[in-house]
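>>> Next comes the sequence, and after it the predicted model I'd like to discuss.
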Amino acid sequence: MPETILAEPEHSAGDEREQRIEKLKALRAAGIDPYPARFGVRQTVEESLQAFAAVESAAGNGSTEGQVSAPNVRTAGRLMSLRVMGKASFAHLADSTGRVQLYLRQDEVGQESYDRFLKLIDIGDIVGVEGSMFRTRTGEVTVRVSEMTLLTKALRPLPEKWHGLTDVEARYRQRYLDLLTNERARNTFVLRTRVISAVRRFLDERGFLEVETPVLQPIYGGAAARPFVTFHNEMNANLYLRISDELYLKRLVIGGLDRVYEIGHDFRNEGVSTRHHPEFTMLEVYQAYADYHDMMRLTEEMYFSVAQQVLGTAHVTFSGQEIDLTPPWRRVTMRDAILEATGIDILLANDLPSLLDAIRQHGLELEVKHNWGKQVEELFDATVQSDLVQPTFVLNHPVEISPLAKRHADQPSLVERFEFFIAGQESGNAFSELNDPIDQRSRFENQGQHRSDGDEEAHPMDEDWIRALEHGMPPTGGLGVGIDRMMMVLTDTPSIREVILFPALRSKVAE
RNA sequence: GGGCCGCUAGCUCAAUGGUAGAGCAAAUGACUCUUAAUCAUUAGGUUACAGGUUCGAGUCCUGUGCGGCUCACCA
């Protein structure tokens, strides 16, 4: 059991927390439950505002204050601000649909409850109100409160009303406060949900079946990464948190589900950065009787459709760069991309010694890898990737780094694979899936060799997967898309933590 | 993991090595159309933590913790 306390020590909230606890006691003493179970039927803030707008427009634009018949509303939310002017007060109330101003007058709510409001209710408390809508002299649509009900007493104050919460660490650790006070954070995460809905809609409309496959796996695979390991007590066995969904989804294609996809979390036991997070959201799509060219079309159409649905445009800005997601996207082979950038032709320098030689001759200083394919990848990452600002498919990777992709018909050292890049970062990966079980076995055996050469990310042998393949998998196109990366591009967010509600942070140990 | 930067009141931020301050929030009072309401008064601090230098440390030095950026690895 964790003994650490994530919140700060009790004394640090200081007097204000104690004062609010005193108010809580006073409320109870007055027979008021500070945490009632329900408020009953209510309208959202948005509905309340709409109710007034409907009445006002029906009355015509010429109406002035007090002349429209004010609709009665009953709504609830968190008190976000408070302006007391003696025997009348203004406040703002917010729920997830918006915020509305409240107007309380002592002569309308009664002296007792008005005093209680002033003395025992704080900014941050959650209240329900009833009243009639009107427009103030300064033009703001407002609830003239006839009755206010405390729904939840808050014991800690909200962050500063003007600047909100800006400390990055606090925003991540106490995301609820970030969401309450920073509109940008709220918008980002609402947009995230809409993006995922749009992705589902896009795939559902094309006959794909959304499925769920194991997160805990006896053998991990489907990507090149180090896994998290956990232990199942009853089975007395190690299990791995999945690094991809791939091999299970392809089993479903073997099982006759010709179009499947899954949106879920993958886990990769690697460093955290602005572009990497150990737990991230991956979309994987498999389509029988399709190849990687079909997956390219699917990818660019999906991005375009999602952007149109969610943003209303396919033109986005990322870090000041204009990006156009409109299909078709540029397609370039990895060989041509490297050739353009460096003058090195990987098809001529087609073994490790000659490739290393070419790299030296071109004056490049790169980490030396264990095999030709890894070295090509290193060369590509160092010289091409960051320049791929506009969406670009990079095609035909070395076979050594692609143990699950089908060999290219004309170039047996390459595979039918693409990665796509937007704003200089890889956003996804796809191939014509390898369905030759004999070749699959030898690929895994080669991966075993890479592992003994020190490659901790080499793909493990998976006999159960080979057995499945031996039953026959139709020619299939597969695609993986990093949803967090997609969110970054669509929201112009340079850090992946800003698009993840609760990013991974070290626990803070309270002493 | 490396490099750079940061950590001061609940929040946002100040403070030549010389008495730790302001705004918001809070408390008390005034104010029945305010909206970053206004005005007056009050309280609030182990300056992340542990050492060191110094007559004197928020400030300089060392270490630790947490975070940000960046490089390395991956998507």
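Structure received. Numbering: from 1, shown residues only, chains lettered A, B, ... in the order given.

>>> Could you use CA atoms for every contact and neighbour count after this?
Noted.

>>> how about the CA coordinates for stretch A:95-106, as PDB?
What follows is stretch A:95-106 as a C-alpha-only set of coordinates in PDB (Å, rounded to 0.1, in the frame of the first residue of the first chain):
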ATOM      1  CA  ASP A  95     -20.900  24.400 -15.000                       C
ATOM      2  CA  SER A  96     -19.400  22.400 -17.800                       C
ATOM      3  CA  THR A  97     -21.600  24.200 -20.300                       C
ATOM      4  CA  GLY A  98     -20.600  27.800 -19.500                       C
ATOM      5  CA  ARG A  99     -20.900  30.500 -16.900                       C
ATOM      6  CA  VAL A 100     -23.600  32.800 -15.900                       C
ATOM      7  CA  GLN A 101     -23.800  35.800 -13.600                       C
ATOM      8  CA  LEU A 102     -25.900  35.700 -10.400                       C
ATOM      9  CA  TYR A 103     -27.500  38.600  -8.700                       C
ATOM     10  CA  LEU A 104     -28.600  38.400  -5.100                       C
ATOM     11  CA  ARG A 105     -30.500  41.100  -3.200                       C
ATOM     12  CA  GLN A 106     -31.100  41.000   0.500                       C
END
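
>>> Report the buried residues of that stretch.
Within stretch A:95-106, the residues scored as buried using 16 or more other C-alpha atoms under 10 Å are A:95, A:99-106.

>>> can you list those residues in CSV and add secondary structure and distance to RNA strand B?
Formatted as CSV, the buried residues of stretch A:95-106 follow (DSSP: H, G, I helix; E, B strand; the rest coil; distance: C-alpha to the nearest atom of the strand, whole Å):
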residue, secondary structure, distance to RNA strand B
A:D95, strand, 16
A:R99, strand, 10
A:V100, strand, 9
A:Q101, strand, 7
A:L102, strand, 8
A:Y103, strand, 8
A:L104, strand, 8
A:R105, strand, 5
A:Q106, helix, 6
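
>>> quick check, nearest of these to A:D436?
Taking C-alpha to C-alpha as the measure, A:D436 lies nearest A:D95 of the buried residues of stretch A:95-106, at 55.9 Å.

>>> Now do that closest one against A:G139, distance only.
21 Å (C-alpha to C-alpha, to the nearest Å).

>>> cool, A:K369 as well?
68 Å.

>>> so what's the closest residue to RNA strand B within the stretch 351-500 of chain A bridging to?
Residue nearest to RNA strand B within the stretch 351-500 of chain A (C-alpha to the nearest atom of the strand): A:E426, separated by 3.8 Å. Beta-bridge pairing for A:E426 (DSSP bridges): A:F421.

>>> count of neighbours near it?
22 (other C-alpha atoms under 10 Å).

>>> And for A:Y172?
Neighbours of A:Y172 under the rule other C-alpha under 10 Å: 19.

>>> Output the contacting helices and strands for whichever helix or strand it is part of.
Using DSSP states H and E, A:Y172 sits in helix A:168-173. Under the contact definition 3 or more C-alpha pairs under 8 Å, 6 or more residues apart in numbering; DSSP states H and E, helix A:168-173 sits against helix A:175-181.

>>> Could I get the average pLDDT for the helix or strand that comes right after the helix it packs on?
Counting by DSSP H and E, the next helix or strand C-terminal to helix A:175-181 is helix A:183-205. Per-residue pLDDT values over helix A:183-205 give a mean of 96.

>>> now stretch A:163-170
If you average the pLDDT over stretch A:163-170, you get 93.
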